[in-house]
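>>> Take a look and give me a structure for this.
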Amino acid sequence: LTRPEDFDIIVTTNLNGQYLSDALSAQVGGTGISPGANINYVSGHAVFEATHGTAPKYAETDKVNPGSMILSGEMMLRFMGWTEAADLIIGAMETCIRQRLVTYDFARQMEDATVLKCSEFGDALIERM
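You can find the predicted model right below:
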């Protein structure tokens, strides 16, 4: 966790891998922003998904960070060779965070942040593409 440059790959059991991925996600803002992908480089098949589970208490609240799903989509676009579209997403995400236009989970970790609803964060991304 503290020296990632020392490792090209980590092989672990599923549960320990879950612990590691959660700990690494925490270093970049939490599972709300961590993308996920399962890629079979032999067959070329891939599945891209948010890394977090469901959060029923937040259903229909328009509150949670959509970053994990958006960045999973960005990885899918890049995997498909649509790098221009993927770059637009990354650029918009970086701009929103730099401008402190974020959802509540990031706002808790920033000074002078503007808290956006999930849908408002999506609109802010689109405006910056």
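>>> When you work out contacts or count neighbours from here on, use the C-alpha atoms and nothing else.
Noted.
>>> residue boundaries of the helices in this structure?
Per DSSP state H, the chain carries helices over the ranges 14-27, 67-79, 83-98, 104-107, 118-127.
>>> Dump stretch 18-26 to PDB, restricted to CA.
In PDB, the C-alpha atoms belonging to stretch 18-26 read as follows (Å, rounded to 0.1, in the frame of the first residue of the first chain):
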ATOM      1  CA  GLN A  18     -11.100  -7.200  -1.300                       C
ATOM      2  CA  TYR A  19      -9.400  -5.800   1.700                       C
ATOM      3  CA  LEU A  20      -6.500  -4.500  -0.400                       C
ATOM      4  CA  SER A  21      -8.700  -2.900  -3.000                       C
ATOM      5  CA  ASP A  22     -10.800  -1.200  -0.400                       C
ATOM      6  CA  ALA A  23      -7.600   0.100   1.400                       C
ATOM      7  CA  LEU A  24      -6.200   1.400  -2.000                       C
ATOM      8  CA  SER A  25      -9.500   3.000  -2.800                       C
ATOM      9  CA  ALA A  26      -9.400   4.900   0.500                       C
END
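>>> can you list contacts of it?
Here stretch 18-26 makes contact (CA atoms under 8 Å, 6 or more residues apart in numbering) with 1, 30, 31, 33, 34.
>>> My guess is the third one contacts residue 68. True?
Yes: with contacts counted by CA atoms under 8 Å, residue 31 reaches residue 68, the gap being 7.0 Å.
>>> which neighbours do these two share?
Taking CA under 8 Å, 6+ apart as the criterion, residue 31 and residue 68 both touch 51, 52.
>>> For residue 38, the count of nearby residues, please.
Counted by other CA atoms under 10 Å, the residues lying close to residue 38 total 10.
>>> That one touches residue 48, doesn't it?
Yes: assessed by CA under 8 Å, residue 38 is found in contact with residue 48 at 6.4 Å.
>>> hey, least reliable of the helices of the chain by pLDDT?
For these, mean pLDDT drops lowest on helix 14-27, to a mean of 83.
>>> Go through that helix and flag the buried ones.
Applying a neighbour-count criterion of 16 or more other CA atoms under 10 Å, one finds 21, 22, 24, 25 buried in helix 14-27.
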